[in-house]
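J.: I'll drop the sequence and a predicted model, then ask my questions.
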Amino acid sequence: MYRVFKGKYSDYWISDGILYFEYHNIPFLDLKIAKSIVGERLEFQEGKSYPILCKTRGIHDANKAARDFLALQGSALAIAVAVVEDRMVAKDMLELYLKRNLPLIPTQVFNDEYKAKLFLNTFLKHK
Amino acid sequence: MKRKIDNDRLHSIKELLFAIAEGDLNYQIERSQEDDELESLVVLLNWLTEELNESLRFLSSLNTRGEIDNFIHIEFILNGDFNLIGINKGALMQLGISKKNAIGKSFTSLLNKESQQEWDKVSELILKQPEYTGSHKFQFASDTPLKKMFLCDIHCIPPIAIGSQLILISCFQPISNRKLIESKVKLRKMKAALDVKLPKPKPKIMLTHEDVKMVQEVRDFILQNLDQPLPSIQELARKHGTNDFKLKKVFSQFYSNSIFRYYTEERVKKAAIYLKNTRVSIEDAAKLSGFTNTAHFSTAFKKYYSVSPTVYRKLYNQNFK
């Protein structure tokens, strides 16, 4: 069993050493929401670093201030990030985001959760 | 046969390209719920326009054809019920309405749906704090397929000051680079006339595409290795195919900061996130941010935030209040 933390904008839980992170429905991600999300996640992690599986399905769009903040501060206490996304537009958004902001930690986008977990497992072994 | 929504989106893309061609980077295309190639184009164009706008703001515009081509000053004056009691020419021009039609209208009726929600939040804040000041982005209602973002300054004058509440909302579009340079020269001359000692402006060097690429690589390297000691400038320069003099010069010109200060400030900012959002000890927050010496960390932190890490935590972390 794992404990699920229900945040204002996303849910978090830890399973097999991986932090799962699922956004709620966010029509437009702005800086205030981005700061709140990172803050909640860090509080939940209690100072420990994890590989993170991030489900971005709830996000419809984001502004530049939020994107810039997440690119720099969003990787705090993260070992690696696997983003699970299957929407065409969202994948293009992520591709542009990763091109513009070189990730500070290993980051990849996956269509399905299974492949995302395999990617993150490689970081668990090195822990 | 093309669906109406496809035609509308194609039309919006064309309109945005025209706006960019005219040098205006403040427009965005209204998003739809579609998940297809066309919607991808819409979002990529929106994001790139936003990125370009951010990069060029206050420096130049894409196509300056005249001194005041890209300068609009917009002003609204509202009463305590948030109705318009004053509006300037720029605002009337932008909204395409007459003064007679505007006066007495509620401010929210001038905004599009998304911004009406934002305004609802702002008006609540004003009701709670009659002296509220702040900046918010609004889009005004229009018939065009594109939406334009305006970063507005809101300044409230409380009833105690003049008998009734007044709310001033103003914003402006950046002026051309030429105008900015002229203003700077004027300011310098004025200050010189007043016999104020001015720091000598540092000569700037022309940056090539390679310089920009190199300096961004150095920045990425620093950000990716914040937990490691910073290599010497000579070593950094050698790694990125340049010399230390040029690296220092280009970096400070590009980021308005020295390499070492940038590295320290980024580590301090990282530590602030831990102090604000976690219960880790100050020593651990320092370590997680790449500081090996807590005393050095505290000094650097205080220099940047003007308060010590302990005070910062007490001020911003709910768990330590």
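T.: Structure's in. What do you need? Numbering: from 1, shown residues only, chains lettered A, B, ... in the order given.
J.: flag every residue of the stretch 51-200 of chain B that's near chain A.
T.: Contact residues, the stretch 51-200 of chain B versus chain A (C-beta under 8 Å from any C-beta of the partner chain): B:Glu51, B:Glu54, B:Glu114. In this view, the C-beta of every residue, glycine as well, is placed from N, C-alpha and C.
J.: would you turn these into JSON lines with distance to B:Gln165, pLDDT and secondary structure?
T.: Output for those, formatted as JSON lines (distance: C-beta to C-beta, whole Å; pLDDT from 0 to 100; DSSP: H, G, I helix; E, B strand; the rest coil):
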{"residue": "B:Glu51", "distance to B:Gln165": "39", "pLDDT": "85", "secondary structure": "helix"}
{"residue": "B:Glu54", "distance to B:Gln165": "34", "pLDDT": "76", "secondary structure": "helix"}
{"residue": "B:Glu114", "distance to B:Gln165": "26", "pLDDT": "81", "secondary structure": "helix"}
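J.: and those, which are buried?
T.: B:Glu51 (16 or more other C-beta atoms under 10 Å in any protein chain shown).
J.: B:Asp8: which of the residues of the stretch 51-200 of chain B next to chain A is nearest?
T.: Among these, B:Glu114 lies closest to B:Asp8 (C-beta to C-beta), at 17.8 Å.
J.: contacts only, for the closest one.
T.: For B:Glu114, the contacting residues are A:Phe28, B:Gln139, by C-beta atoms under 8 Å, 6 or more residues apart in numbering or on different chains.
J.: try 7 Å this time
T.: Going by C-beta atoms under 7 Å, 6 or more residues apart in numbering or on different chains, B:Glu114 touches B:Gln139.
J.: average pLDDT across stretch B:267-277?
T.: Stretch B:267-277 comes out with an average pLDDT of 91.
J.: so B:Leu41 touches B:Ile13, yeah?
T.: Yes. Applying C-beta atoms under 7 Å, one finds B:Leu41 in contact with B:Ile13, separated by 6.2 Å.
J.: distance check, the most centrally placed residue in chain B against B:Leu48.
T.: The residue lying closest to the centre of chain B (C-alpha atoms, centre = their mean) is B:Glu54, at 6.8 Å. For B:Glu54, the distance to B:Leu48 equals 11 Å [C-beta to C-beta, to the nearest Å].
J.: and what of A:Phe5?
T.: 36 Å.
J.: same question for A:Leu120.
T.: 31 Å.
J.: quick one, which of those two is more surrounded?
T.: Counted by other C-beta atoms under 10 Å in any protein chain shown, A:Leu120 and B:Leu48 do not tie: A:Leu120 has more neighbours, with 24 against 14.
J.: any idea what the closest residue in space to the more buried one that isn't next to it in sequence is structurally, helix, strand or coil?
T.: Take A:Leu120 and drop its neighbours on the chain: the residue closest to it by C-beta to C-beta, 6 or more residues apart in numbering or on different chains is A:Pro51, 3.9 Å away. Secondary structure assignment for A:Pro51 (DSSP: H, G, I helix; E, B strand; the rest coil): strand.
J.: list the contacts of A:Pro51.
T.: Counted by C-beta under 7 Å, 6+ apart, A:Pro51 has contacts A:Ile18, A:Ile79, A:Ala80, A:Leu120, A:Phe123, A:Leu124.
J.: shouldn't B:Glu124 be within a helix?
T.: Yes. Under three-state DSSP, B:Glu124 falls within a helix.
J.: pLDDT score for it?
T.: At B:Glu124, pLDDT is 91.
J.: also B:Ile85?
T.: For B:Ile85, pLDDT reads 92.
J.: shouldn't it be within a strand?
T.: Yes. Per three-state DSSP, B:Ile85 lies within a strand segment.
J.: neighbours of it, how many?
T.: Counted with other C-beta under 10 Å, B:Ile85 comes out at 14.
J.: how about the helices of chain B, start to end?
T.: Per DSSP state H, chain B carries helices over the ranges B:4-21, B:37-56, B:89-95, B:99-102, B:113-128, B:159-162, B:177-193, B:209-224, B:233-239, B:244-255, B:259-277, B:282-288, B:294-305, B:309-316.
J.: weakest of these by average pLDDT?
T.: helix B:177-193 (a mean of 55).
J.: pull stretch B:150-170 out as CSV, backbone CA atoms only.
T.: Backbone C-alpha positions of stretch B:150-170 (Å, rounded to 0.1, in the frame of the first residue of the first chain) are rendered in CSV as follows:
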residue,chain,number,x,y,z
PHE,B,150,-1.8,43.4,-21.7
LEU,B,151,0.3,43.5,-18.6
CYS,B,152,-1.7,46.1,-16.6
ASP,B,153,-0.6,47.9,-13.4
ILE,B,154,-3.4,48.4,-10.9
HIS,B,155,-3.2,51.1,-8.4
CYS,B,156,-6.0,51.8,-5.9
ILE,B,157,-6.5,55.0,-4.0
PRO,B,158,-8.5,54.4,-0.8
PRO,B,159,-11.7,56.4,0.0
ILE,B,160,-9.9,58.0,3.0
ALA,B,161,-7.5,59.8,0.7
ILE,B,162,-10.1,61.6,-1.6
GLY,B,163,-13.5,60.7,-0.3
SER,B,164,-14.3,57.9,-2.7
GLN,B,165,-12.4,54.9,-4.0
LEU,B,166,-10.5,55.2,-7.3
ILE,B,167,-8.8,52.4,-9.2
LEU,B,168,-6.2,53.3,-11.9
ILE,B,169,-5.4,50.6,-14.4
SER,B,170,-2.6,51.4,-16.9
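J.: tell me the mean pLDDT over the longest strand seen in chain B?
T.: Using DSSP state E to define each element, chain B has its longest strand at strand B:146-157. Computed over strand B:146-157, the mean pLDDT rounds to 83.
J.: how far off centre is that strand?
T.: Mean-position distance between strand B:146-157 and its chain equals 13 Å (C-alpha atoms, centre = their mean, to the nearest Å).
J.: how about stretch B:277-292 as PDB, C-alpha atoms only?
T.: Written as PDB, here are the backbone C-alpha positions of stretch B:277-292 (Å, rounded to 0.1, in the frame of the first residue of the first chain):
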ATOM      1  CA  ASN B 277       8.800  24.100   1.100                       C
ATOM      2  CA  THR B 278      10.500  21.400   3.100                       C
ATOM      3  CA  ARG B 279      11.500  20.700   6.700                       C
ATOM      4  CA  VAL B 280      15.100  19.800   5.900                       C
ATOM      5  CA  SER B 281      17.700  21.400   8.200                       C
ATOM      6  CA  ILE B 282      19.500  24.500   7.000                       C
ATOM      7  CA  GLU B 283      22.700  22.500   6.800                       C
ATOM      8  CA  ASP B 284      21.000  20.000   4.500                       C
ATOM      9  CA  ALA B 285      19.400  22.700   2.400                       C
ATOM     10  CA  ALA B 286      22.900  24.100   1.900                       C
ATOM     11  CA  LYS B 287      24.300  20.700   1.000                       C
ATOM     12  CA  LEU B 288      21.400  20.000  -1.400                       C
ATOM     13  CA  SER B 289      22.200  23.300  -3.200                       C
ATOM     14  CA  GLY B 290      25.900  22.600  -3.500                       C
ATOM     15  CA  PHE B 291      27.300  24.500  -0.500                       C
ATOM     16  CA  THR B 292      29.800  22.500   1.500                       C
END
